[in-house]
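Student: Sharing a model that was predicted from the sequence below.
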Amino acid sequence: MIHALISGSLYGDPQQRTGKSGKPFTTAKLKTAGKDGQPIWVNLIAFNDAGDQLAALSANAPLSVTGQAEISAWIGKDGNPAAGLSLTIEEMIGLKQKSSKKRSTATVFNDSVEDVAA
């Protein structure tokens, strides 16, 4: 596996789920810019506290995540090769825009720091 740091914005709201073993987890899609402005879609999965923190975010939230990434490849329905990227979140930083001050604030998850002024 690859240890990666990826930044982008959430596509849709995260979904909380329960595995066959009864263990809860959260999934989401992250959209990030690729070559020539083409989007790269990253499937996210988070467990425990990281899962709860991911579930608290909503669509279009800017987010940076670190964790173990895995690349997959397949042949699409149209017969062309396709690839995907999945990441199991270890840590994340959610960025939220304060509308009244026009200033970004970073919320650091899985760390003791709650808010950091940009």
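Tutor: Perfect, I can see it now.

Student: now the helices for the protein?
Tutor: Assigned by DSSP state H, the helices in the chain fall at 48-55.

Student: Please name the bridge partners of residue 31.
Tutor: Counting by DSSP bridges, residue 31 is bridged to residue 9, residue 41.

Student: Please give me every residue in contact with it.
Tutor: Contact analysis of residue 31 by C-beta atoms under 8 Å, 6 or more residues apart in numbering lists 8-11, 39-42. In short, each C-beta sits where N, CA and C put it, glycine included.

Student: please redo it, this time with the cut-off set to 7 Å
Tutor: By C-beta atoms under 7 Å, 6 or more residues apart in numbering, the contact list for residue 31 reads 8-9, 11, 39, 41.

Student: Now restrict those to buried residues only.
Tutor: Buried members of the contacts of residue 31, counted by 16 or more other C-beta atoms under 10 Å: residue 8.

Student: Out of the contacts of residue 31, which two sit at the greatest distance?
Tutor: Maximum pairwise distance among these (C-beta to C-beta): 11.4 Å, between 9 and 41.

Student: does residue 30 really touch residue 62, like I thought?
Tutor: No: applying C-beta atoms under 7 Å as the test, residue 30 and residue 62 come out as separate, 9.9 Å apart.

Student: For those two, indicate the residue with more neighbours.
Tutor: Neighbours were counted for residue 30 and for residue 62 using other C-beta atoms under 10 Å; residue 30 has more, 24 against 17.

Student: any idea how far the more buried one is from residue 6?
Tutor: As for residue 30, its distance to residue 6 is 7 Å (criterion: C-beta to C-beta, to the nearest Å).
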